[in-house]
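Visitor: Curious how this folds, go ahead:
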Amino acid sequence: MSNVEPHPVEQRVCEADRTGPEPDTELLEPREVPLGGPRAMLVNRALPGKNRRMVGAWCFADVYGPADVSAGPGMQVPPHPHIGLQTVSWLVQGTVHHLDGLGSDQLVRPGQLNLMTAGNGIAHSERTPDGAPDLLQGAQLWVALPEDDRAGAAHFEHHADLPRFTVPGAQVTVIMGELHGHRSPARTYTPLVGAEIVVEAGRSVSLPVRPGYEHGLLPLDAPVHGHGHRVVPGSLLYLGTGRDRVEFHAAERTHLLLIGGEPFTEDLVMWWNFVGRDHDEIVRARADWEAQRDGRDRDGGFRFDPVRADGGAALPAPELPNARLRPRPRHRGA
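Guide: This is a model prediction of the structure:
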C-alpha cells in the first residue's frame, strides 16, 4: 500500500496521543487518510504517532473498512515504490490483487499473508479485483529493515497456511515471528511478532508474551479494554517492555492485531513510501523513481522494475520539503 498524501511529512503524526493508567502505556489515536484521493476509500493511520513512532520494528499501521466496494472502485493503489521495509497485507474481509516488479501476481484473502520485502527498491500495486466480495476490511503494516538487510534484493512471499492455536476466549493466527510456541514461516529480520486474535464476544483474554518485547494492540472491528485503556478500532495501544502477558476484554466479537518486537534502536527517516537513514538517501530514491516510473530504462538498469502487468500509470512522487529530512528515534525523547 502507498502513502498517497500529496504533501507527506517526514514523520506522519497522530492528533492525540495520551498516556494511560498503567505505567509505560500509550494510546495512539488514528487520523483519517484517503487512500488514492479525496473520493477514495478512507483508512485510519495510528502508527507512526506524534510521540511513539515504532513498536519493535513495526513502523506503520493503517486499518480500513469494512467498506462497501460493490458500487465503487474499492482499493485502487497504482504502481508505487518502496525501500527499506516489508509490507504486511492482512484482510478480515474481501480480496486484494497484488502485482509487483518481480512478476508476482497474487490475490490475498482473509487469513492469508502477503509479505513484500522491498530491500533496495521495489514497485507494486494493490487493487480490488473484478468480482471481489462486496465488503473490504483489513490492515496494512510496514516493518523497518535493519541496516545489515535493508539494501538487499527485493522478494515476495505469500503464505496461505499459517500456524493457529486457541486460548480461552480467542483463536490466534501467527502472522509473523513466534508466539506461544508457534512460529510463522514468514521471513523476518529482527526479533518480532505479529498475530491476529479473534476474540469471542464477552470474553477476557490473557496471552503470554516475551518480556523483552514492546507490544501494540490494534483492534479492527470493535473496542477492547485492556491495561487501563479503552481502545477503539483503528487506535493502537502501546505496551512497553517488561510484561509477560497482554490482557484485554471484548464486549463484542472482534478481530485484534497484536504486534511487537525488541525495541528498534536505529534512527529512521520515513518519507512517503521510503524508509531510510538520511536525507540524501531519500532524495536519491525519489530521483530514481521519477526517472524510472514510466517504465523506460535510461541508465542500463532499473532500481524499481516496472509493474508491467498492472497497465495503469504509476504514482508520481510528491515534492520534497524545503528543509532537510532528519533521522528520528522510535519515540520522542529517546
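Visitor: and the most centrally placed residue in the chain, bridged to which residues?
Guide: In the chain, the residue lying closest to the centroid (CA atoms, centre = their mean) is residue 141, at 0.8 Å. As for beta bridges, residue 141 partners with residue 61, residue 88 under DSSP bridges.
Visitor: Now do the residue lying closest to residue 132 once chain neighbours are set aside, the pLDDT please.
Guide: Spatially, and ignoring its direct neighbours in sequence, residue 132 is nearest to residue 95 (4.5 Å; CB to CB, 6 or more residues apart in numbering). Where you see a C-beta, it was placed from the backbone N, CA and C, and this is true even at glycine. Residue 95 is assigned 97 on the pLDDT scale.
Visitor: One more: the one 10 residues further on?
Guide: Reading off the per-residue confidence, residue 105 sits at a pLDDT of 98.
Visitor: And the residue nearest to residue 132, how far from residue 112?
Guide: 10 Å (CB to CB, to the nearest Å).
Visitor: same deal with residue 265?
Guide: With CB to CB as the criterion, residue 265 and residue 112 are 32 Å apart.
Visitor: Same drill for those two, tell me which one is more crowded.
Guide: Comparing residue 265 with residue 112 by neighbour count (other CB atoms under 10 Å), the higher total belongs to residue 112, at 19 against 10.
Visitor: need the contact list for that one.
Guide: Counting by CB atoms under 8 Å, 6 or more residues apart in numbering, residue 112 touches 91, 158-160, 162.
Visitor: Please state the backbone phi and psi of residue 289?
Guide: phi -70, psi -50 (degrees, to the nearest 10).
Visitor: Just the pLDDT for it.
Guide: With respect to pLDDT, residue 289 has a value of 95.
Visitor: correct me, but residue 166 touches residue 172?
Guide: Yes: at 7.0 Å, residue 166 counts as touching residue 172 under the criterion of CB atoms under 8 Å.
Visitor: So for the two, which sits in the more crowded spot?
Guide: Shown here are residue 166 and residue 172; by other CB under 10 Å, residue 172 has more neighbours (22 against 9).
Visitor: you'd agree the more buried one is in a strand?
Guide: Yes: judged by DSSP: H, G, I helix; E, B strand; the rest coil, residue 172 forms part of a strand.
Visitor: Against residue 304, how distant is residue 294?
Guide: Relative to residue 304, and taking CB to CB, residue 294 is found at 11 Å.
Visitor: more crowded one of those two?
Guide: Counted by other CB under 10 Å, residue 294 and residue 304 do not tie: residue 304 has more neighbours, with 27 against 11.
Visitor: My guess is the more buried one contacts residue 288. True?
Guide: Yes: with contacts counted by CB under 8 Å, residue 304 reaches residue 288, the gap being 6.6 Å.
Visitor: Overlap in contacts, those two.
Guide: Residues touching both residue 304 and residue 288 by CB under 8 Å, 6+ apart: residue 121.
Visitor: hang on, the earlier thing: contacting residues for the residue nearest to the centre of the chain?
Guide: 47, 58, 60-62, 87-88, 90, 194, 257, 259.
Visitor: What values do phi and psi take at residue 292?
Guide: Residue torsions, per degrees, to the nearest 10, at residue 292 are phi -120, psi -10.
Visitor: OK, contacts around it?
Guide: When contacts are counted by CB under 8 Å, 6+ apart, residue 292 touches 298, 302-304, 306.
Visitor: Apply 10 Å and report the result again.
Guide: Neighbouring residues of residue 292 by CB atoms under 10 Å, 6 or more residues apart in numbering: 81, 101, 121, 123, 298-299, 301-306, 314.
Visitor: now the strands: where do they sit in the stretch 201-334 of the chain?
Guide: Applying DSSP state E, counting those that start in this stretch to the stretch 201-334 of the chain gives strands spanning 203-208, 214-219, 224-226, 229-231, 236-239, 245-250, 254-261, 269-271, 274-276.
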